[in-house]
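Peer 1: structure, please.
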Amino acid sequence: MTDARLRQVYAYHFDSKHRPERYAPGPGGLDWATQPHPFRSFEDAPRIPLPLASDGGPAFAAIRAGERPAPASVDLQHLGALLGRSLGLSAWKAFGDARWALRCNPSSGNLHPTEGYLITAGCPGLAGGIYHYHSHDHCLERRGIDVEGS
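Peer 2: Just a heads-up that it's a prediction; the model follows:
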């Protein structure tokens, strides 16, 4: 890269970054008509439905008092509880014609999907591979299989 081009890159970075006294300059608004879909989905990916957590889990007061639940087994029931409580949806809100999901792990208002992936050697009910957690449908979408373990 030439010195002139490098100076141009540094100048752009300096002019467009956040500073203690102000935020970085922006477009002045959001283009709501072209925002991405809030739930990433992979077309034709095999789906494994996850069960919803059947209990409320340990009480916060008990955890705070030092009580710890027994370790859970790694199976679809407990994976469903873990993913649902950490990356799942906690509620739906609506105002007028607009409807949106509240997530257990919010995206701080950014217009991008909040997602997670599971890489596993397998467990009861789930073959080894790479899976995408689809929070809207509370399921795993298989993205790759464990060819060495099969």
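Peer 1: where along the protein do the strands fall?
Peer 2: 47-49, 89-95, 98-103, 116-123, 126-134, 139-145 (DSSP state E).
Peer 1: and the direction of the longest one versus that of strand 139-145, what angle?
Peer 2: Looking back up the chat, that one is strand 126-134. Computed with axes from the mean of the first three to the mean of the last three C-alpha atoms, to 10 degrees, the direction of strand 126-134 lies at 120 degrees from that of strand 139-145.
Peer 1: got the buried residues for strand 126-134?
Peer 2: For strand 126-134, the neighbour count (16 or more other C-beta atoms under 10 Å) marks 126-129, 131-134 as buried. No exception for glycine: its C-beta is placed from N, CA and C like everyone else's.
Peer 1: which residues does Ile145 contact?
Peer 2: The neighbourhood of Ile145, defined by C-beta atoms under 8 Å, 6 or more residues apart in numbering, consists of 127-129.
Peer 1: tell me how far Ser90 lies from Glu141.
Peer 2: 21 Å (C-beta to C-beta, to the nearest Å).
Peer 1: oh, I was asking about Ala101
Peer 2: For Ala101, the distance to Glu141 - C-beta to C-beta - is 18 Å.
Peer 1: so for the two, which residue has more residues nearby?
Peer 2: Each of Ala101 and Glu141 has its neighbours counted (other C-beta atoms under 10 Å); Glu141 has more, 20 against 16.
Peer 1: for the more buried one, list each beta-bridge partner.
Peer 2: Applying DSSP bridges to Glu141 gives these bridge partners: Arg47, His132.
Peer 1: show me where this structure has helices.
Peer 2: For the chain, applying DSSP state H gives helices covering 3-16, 60-64, 76-87.
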